[in-house]
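[1] Predicted model, plus sequence, below.
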Amino acid sequence: MHTLRMTQHSIGTDRYRVEIALKGGEFEKTAQTEFSFSLSPQEQESIRWYLEDYPL
């Protein structure tokens, strides 16, 4: 059986690190990256609408 684990860490204002690990038997592969990410107020409202209002 293979296991894929993805872990996200906040490392500062709008900065993140993602670590990915794929394991299975004797096989193991890992990777990580750091990046900036932020949403505008309009994007935040669109996501809120989709998650809260749209399903109704």
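    Thanks, I have it.
[2] CA only for contacts and neighbour counts going forward, please
    OK.
[3] and Ile47, what helix or strand is that in?
    For Ile47, the element it lies in under DSSP states H and E is helix 41-48.
[4] which helices and strands sit right next to that helix?
    Helices and strands in packing contact with helix 41-48 are not found; criterion 3 or more Cα pairs under 8 Å, 6 or more residues apart in numbering; DSSP states H and E.
[5] What's the separation between the most centrally placed residue in the chain and Phe35?
    For the chain, Gln8 is the residue whose C-alpha lies nearest the centre (Cα atoms, centre = their mean; 5.7 Å). Gln8 sits 11 Å away from Phe35, going by Cα to Cα, to the nearest Å.
[6] Which neighbours do those two have in common?
    In terms of Cα atoms under 8 Å, 6 or more residues apart in numbering, Gln8 and Phe35 are both contacted by the residues Tyr16, Arg17.
[7] The residue nearest to the centre of the chain belongs to a strand?
    Yes: counting by DSSP: H, G, I helix; E, B strand; the rest coil, Gln8 is part of a strand.
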